[in-house]
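K.L.:
kindly generate the corresponding structure for this input.
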Amino acid sequence: MSVAPGRWNRISGSVAPTTSSFDVTTGVDLQEVDNAVNQAQKEIAQRYDFKGSKASIDFRRAEGLLVLVADDDFKMNALFDVLQSKMIRRGVPVKNLEVGENKPGGGDTVRREIKLKTALDSDTAKQVVAAIKDAKMKKVQASIQGDQVRVSSPSKDELQDVIALLRGKEFGVELKFGNYR
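P.N.:
Below is the predicted model:
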């Protein structure tokens with residue numbers, strides 16, 4: 001007698017089909033952001049076009065916030081380009097940066113705040129669930145659990161299809177797929 005793959009239920013004496021799942025999240029590695037900021041500050045200190053300027057990058061780790069200060073809009077754009085290139089090189093997804101506008105700061109400077117998206121917000125999570133439901137895949141369930149979306153199905157192939165579907169769509173943040181069971 002062969003038993004179908006699955007979990008044995010002691011109460012009913014039958015085999016229940018296993019459901020596989022994975023979590024959809026987003027985020028940035030704060031240590032890599034810190035490394036990118038340090039590299040950008042070193043480059044700014046050595047560049048000729050920043051000599052004598054008030055250019056600086058302040059990383060507020062607890063708030064998930066970067067504050068850029070420069071003399072004018074031109075230097076602010078150059079500062080942001082340096083920071084962005086260092087982040088790309090360190091593998092920090094720039095999609096997860098919420099870049100603010102240039103605002104006048106104290107002492108003839110310009111400020112720009114950049115917020116780091118470290119978790120899925122409710123709107124993005126709803127968009128992910130809606131995209132999965134719109135695909136009308138059989139037996140695929142998606143539910144929002146805090147700052148992540150749990151996707152489950154008895155078929156691992158369908159879960160792979162869901163990952164491919166979500167990678168092909170744009171949600172404004174870099175999606176991460178983990179906790180695959």
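K.L.:
can you list the low-confidence ranges for the protein?
P.N.:
1-17 (pLDDT under 70).
K.L.:
and the helices in this protein?
P.N.:
30-46, 73-89, 122-134, 156-168 (DSSP state H).
K.L.:
nearest to Val140, out of these?
P.N.:
Val140 lies closest to helix 156-168 among the helices of the chain, at 5.4 Å (CB to CB). (Each C-beta comes from the backbone N, C-alpha and C, glycine too.)
K.L.:
got the angle between the closest one and helix 122-134?
P.N.:
130 degrees (axes from the mean of the first three to the mean of the last three CA atoms, to 10 degrees).
K.L.:
re earlier: could you dump the helices of the chain into JSON lines and include mean neighbour count and distance to Gly106?
P.N.:
Formatted as JSON lines, the helices of the chain follow (neighbours: other CB atoms under 10 Å; distance: least, CB to CB, whole Å):
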{"stretch": "helix 30-46", "mean neighbour count": "16", "distance to Gly106": "20"}
{"stretch": "helix 73-89", "mean neighbour count": "18", "distance to Gly106": "15"}
{"stretch": "helix 122-134", "mean neighbour count": "16", "distance to Gly106": "34"}
{"stretch": "helix 156-168", "mean neighbour count": "15", "distance to Gly106": "44"}
